[in-house]
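[1] following is a predicted model, sequence given first.
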There are 2 protein chains.
Amino acid sequence: MAATGTEAKDLENHHNDCFIQLPNPNIATMKEDVLYHFNLSTSTHDFPAMFGDVKFVCVGGSPSRMSAFIRYVAAELGLDHPGKEYPNICVGTDRYVMYKVGPVLSVSHGMGIPSIGIMLHELIKMLYHARCTNITIIRIGTSGGIGLEPGSVVITQQAVNECFKPQVEQIVLGQRVFRSTNLDAQLVKELMQCSSDLNEFPTVVGNTMCTLDFYEGQGRLDGAICSYTEKDKQAYLQAAHAAGVRNIEMESSLFATMCSACGLKAAVVCVTLLDRLQGDQIDTPHDVLVEYQQRPQRLVVHFIKKSLGKA
Amino acid sequence: MAATGTEAKDLENHHNDCFIQLPNPNIATMKEDVLYHFNLSTSTHDFPAMFGDVKFVCVGGSPSRMSAFIRYVAAELGLDHPGKEYPNICVGTDRYVMYKVGPVLSVSHGMGIPSIGIMLHELIKMLYHARCTNITIIRIGTSGGIGLEPGSVVITQQAVNECFKPQVEQIVLGQRVFRSTNLDAQLVKELMQCSSDLNEFPTVVGNTMCTLDFYEGQGRLDGAICSYTEKDKQAYLQAAHAAGVRNIEMESSLFATMCSACGLKAAVVCVTLLDRLQGDQIDTPHDVLVEYQQRPQRLVVHFIKKSLGKA
């Protein structure tokens, strides 16, 4: 039987919707899926009802920052009212926090590739079980800058490894696997336009180097262990700068590769807390750091409002 | 001038004391050292006064578990009293928590090598600035077991990588560095004796495999991404077992190498939450998991009491 005009339109819309693609055939056949580090399960929680309307997922390292973020989103989207509470959806575990308001989900991921990796495996399965469509996911984080005024925001063009290559190395069943770290080029442009709209703080598009360590892995001289000189450090950071690296953090490469593998439109927006060419220690006053950390949030909330026709 | 008898004895004792050895000459020359992720600094906190008497440091992934641990230690050492509070020393940051009672420090480290690495760099510098001596540091954690009854405790003989070798790979200034993962053999024996003393739960000495990922990195079939079969997984876990691996977690190798490099006597004591040969999901009831997680704590507190002549 031929579809009616309306049905055909529905099918077409449905066809255009971008669902989560899980590169794991096992999940669809599981009777129950326990997301252990979220303390959520398909047998105890109705994921489609809880998360089916999510369109924007924002992730960041610090739980308190992600809690502050949801209040800010709620206020900016006109979804806040006096006395409204934003309960932690992952109550019952202290591994991660998760908050939701309207179409926006805010989730913490801790520090480093392993920590964000666990979170992303469970988050992406959660969005899949919830049958979410057309998700945009953005990491809003902190980083060390290279040759930028502290407080500058970097929108990541490419997430690169410690040798400045756009790939991440993983070990699967004892074998090295190299995966590419693609991000969405159009989303980078849209976010850069949002920063121009706001005109509140310096923002650049650049490469982001992702490391497994904050001290030796980033050429710091002030860790418990250090076997190189200031000159070695400067040479390394200058080489990174020459390769287009503008900031350094610890999650972007895995974030890029996992989101890309699962069909999520992804971006990384980090503020730089210091210029690594000038030093290693983060000794900027607390209130200045707090304002810096709000900058990626302001940019991304402007993007969300614009996407929803509210800006 | 010759030393008097007492002075000679003091010098000798002093000589026998085991100080923190920092393989970084820069730290001794720094005017201020900001431990950013602890929100502590040598210019705002008196480290020798706050931490000079610390002898035992216990670390674990979960902040709430490390908070519960300090109360348990206090009660067991007779240092608790009604209404006593245990303030978080790292208040002002949500990256880690830290608690102290008597000679025992309890610190959280989050999940994965990068997260425990940041914590250890700052912790070891903190103990160095505090001029601590004769420190024993023990990770009390959770893990997946291989061929063990869930709830079994594993005391780590060797921390091994995903190819079952006792080394950890780090990237320093873009270059791969391989470091050995030595732990203290005598401490393993003493801890095993403590488990025999208690006779409360099965305990084995075995190798611990440390991975960068919880899903693909540990051969799980239930992550968002999986490109191998149940048969591949079983072959990998069986090969690990044949190499002496009895449990899998995500921090032991870096913990071993960093503590060893800085002259800290270190051990890893983890409970197994499931047998990976039987499955991947952690679906054991919450109260059972809570009791399991107390087992490494009971073992280590017995060790501390015994060391202090209180057991």
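    Good, I have the coordinates.
[2] is it true that A:Val59 lies in a helix?
    No - using DSSP: H, G, I helix; E, B strand; the rest coil, the assignment for A:Val59 is strand, not a helix.
[3] how much space is there between it and chain B?
    Per CB to the nearest CB, to the nearest Å, A:Val59 is found 14 Å from chain B. Yep, even glycine has a C-beta here, placed from its N, CA and C like the rest.
[4] A:Glu230 too?
    9 Å.
[5] before we move on, what about A:Val290?
    For A:Val290, the distance to chain B - CB to the nearest CB - is 11 Å.
[6] what about the host helix or strand of that residue, average pLDDT?
    Secondary structure from DSSP states H and E places A:Val290 in helix A:286-307. The average pLDDT for helix A:286-307 rounds to 97.
[7] what helices or strands is it leaning on?
    Helix A:286-307 sits against strand A:56-60, helix A:63-76, strand A:136-145, strand A:153-160, helix A:185-198, strand A:265-275, with contacts defined as 3 or more CB pairs under 8 Å, 6 or more residues apart in numbering or on different chains; DSSP states H and E.
[8] ok, residues contacting the fourth one?
    Just to be clear, that refers to strand A:153-160. Identification of contacts with strand A:153-160 by CB atoms under 8 Å, 6 or more residues apart in numbering or on different chains yields A:143, A:145, A:148, A:166-168, A:181, A:183, A:188, A:191-192, A:195, A:201-210, A:243-247, A:252-253, A:255-256, A:267-272, A:295-296, A:299.
[9] tell me, how many residues neighbour A:Glu149?
    Per other CB atoms under 10 Å in any protein chain shown, the neighbour tally for A:Glu149 reads 10.
[10] residue contacts, it?
    Counting by CB under 8 Å, 6+ apart, A:Glu149 touches A:Pro202, A:Asp275.
[11] recalculate using a threshold of 7 Å.
    Contacts for A:Glu149 (CB atoms under 7 Å, 6 or more residues apart in numbering or on different chains) come out as A:Pro202.
[12] how much space separates it from chain B?
    19 Å.
[13] run a quick neighbour tally on the closest residue to A:Leu191 other than its chain neighbours.
    Nearest in space to A:Leu191, with sequence neighbours left out and distances taken as CB to CB, 6 or more residues apart in numbering or on different chains, is A:Ile155 at 5.0 Å. Other residues near A:Ile155 number 26, with proximity taken as other CB under 10 Å.
[14] likewise the one 4 residues further on?
    A:Ala159: 27 surrounding residues under other CB under 10 Å.
[15] still on that earlier bit, and the helix holding A:Val290, how far out from the chain's middle?
    Taking CA atoms, centre = their mean, to the nearest Å, the mean C-alpha location of helix A:286-307 is offset from the chain mean by 14 Å.
[16] before we move on, the earlier item: ok, of the contacts of strand A:153-160, which come out buried?
    Buried residues within the contacts of strand A:153-160, defined by neighbour count using 16 or more other CB atoms under 10 Å in any protein chain shown: A:143, A:145, A:148, A:166-168, A:181, A:183, A:188, A:191-192, A:195, A:201, A:203-210, A:244-247, A:252-253, A:255-256, A:267-272, A:295-296, A:299.
[17] let me see the contact set for A:Cys132.
    So A:Cys132 contacts A:Ile20, A:Phe51, A:Gly52, A:Val54 (CB under 7 Å, 6+ apart).
[18] relative to A:Ser67, how far out is the last one?
    Noted for A:Val54: a distance of 17 Å to A:Ser67, by CB to CB, to the nearest Å.
[19] same thing with the first one?
    Counting by CB to CB, the gap between A:Ile20 and A:Ser67 amounts to 25 Å.
[20] quick revisit: CSV for the contacts of A:Cys132, including neighbour count and secondary structure?
    Formatted as CSV, those follow (neighbours: other CB atoms under 10 Å in any protein chain shown; DSSP: H, G, I helix; E, B strand; the rest coil):
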residue, neighbour count, secondary structure
A:Ile20, 19, coil
A:Phe51, 22, helix
A:Gly52, 14, coil
A:Val54, 20, coil
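[21] check those and tell me the two furthest apart.
    A:Ile20 and A:Gly52 (11.9 Å; CB to CB).
[22] show me what the residue nearest to A:Leu191 is bridged to.
    When bridges are called by DSSP bridges, A:Ile155 pairs up with A:Val205, A:Val269.
[23] also A:Arg139?
    A:Val59, A:Val268.
[24] tell me how many other residues surround it.
    Using other CB under 10 Å, A:Arg139 is surrounded by 27 other residues.
[25] swap in A:Leu173?
    Other residues within reach of A:Leu173 by the criterion other CB under 10 Å amount to 18.
[26] surely it meets B:Ser227?
    No - contact criterion CB atoms under 7 Å: A:Leu173 and B:Ser227 do not qualify, at 9.5 Å.
[27] relative to B:Leu148, how far out is the closest residue in space to A:Phe201 that isn't next to it in sequence?
    Once flanking residues are discounted, A:Phe201 sits nearest to A:Arg295: 5.1 Å by CB to CB, 6+ apart. To B:Leu148, A:Arg295 is 49 Å away according to CB to CB.
[28] same check on A:Lys31?
    Distance, A:Lys31 to B:Leu148, using CB to CB: 26 Å.
[29] where does A:Val168 fall, secondary structure wise?
    strand A:167-172.
[30] ok, residues contacting that strand?
    Identification of contacts with strand A:167-172 by CB under 7 Å, 6+ apart yields A:161, A:176-181, A:253-254, A:257, B:162, B:212-213, B:216-217.
[31] of those residues, which belong to helices?
    A:Ser253, A:Leu254, A:Thr257 (DSSP state H).
[32] what's the helix holding A:Val290 in contact with?
    Helix A:286-307 is touched from outside by A:56, A:58, A:65, A:69, A:72-73, A:76-77, A:104, A:138, A:140-142, A:151, A:153, A:190-191, A:194-195, A:197-198, A:200-201, A:269-271, A:273, A:311, with contacts defined as CB under 7 Å, 6+ apart.
[33] give the buried residues for it.
    For helix A:286-307, the buried set under the neighbour-count rule, 16+ other CB under 10 Å, comprises A:289, A:292-305.
[34] equivalent analysis for stretch A:38-57, please.
    By neighbour count on 16+ other CB under 10 Å, the buried set for stretch A:38-57 is A:38-42, A:45, A:47, A:50-51, A:54-57.
[35] put together JSON lines for those, with distance to chain B and pLDDT on each row.
    Formatted as JSON lines, the buried residues of stretch A:38-57 follow (distance: CB to the nearest CB, whole Å; pLDDT from 0 to 100):
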{"residue": "A:Phe38", "distance to chain B": "12", "pLDDT": "98"}
{"residue": "A:Asn39", "distance to chain B": "9", "pLDDT": "97"}
{"residue": "A:Leu40", "distance to chain B": "12", "pLDDT": "98"}
{"residue": "A:Ser41", "distance to chain B": "8", "pLDDT": "98"}
{"residue": "A:Thr42", "distance to chain B": "11", "pLDDT": "98"}
{"residue": "A:His45", "distance to chain B": "14", "pLDDT": "98"}
{"residue": "A:Phe47", "distance to chain B": "14", "pLDDT": "98"}
{"residue": "A:Met50", "distance to chain B": "18", "pLDDT": "98"}
{"residue": "A:Phe51", "distance to chain B": "15", "pLDDT": "98"}
{"residue": "A:Val54", "distance to chain B": "16", "pLDDT": "98"}
{"residue": "A:Lys55", "distance to chain B": "19", "pLDDT": "98"}
{"residue": "A:Phe56", "distance to chain B": "19", "pLDDT": "98"}
{"residue": "A:Val57", "distance to chain B": "14", "pLDDT": "98"}
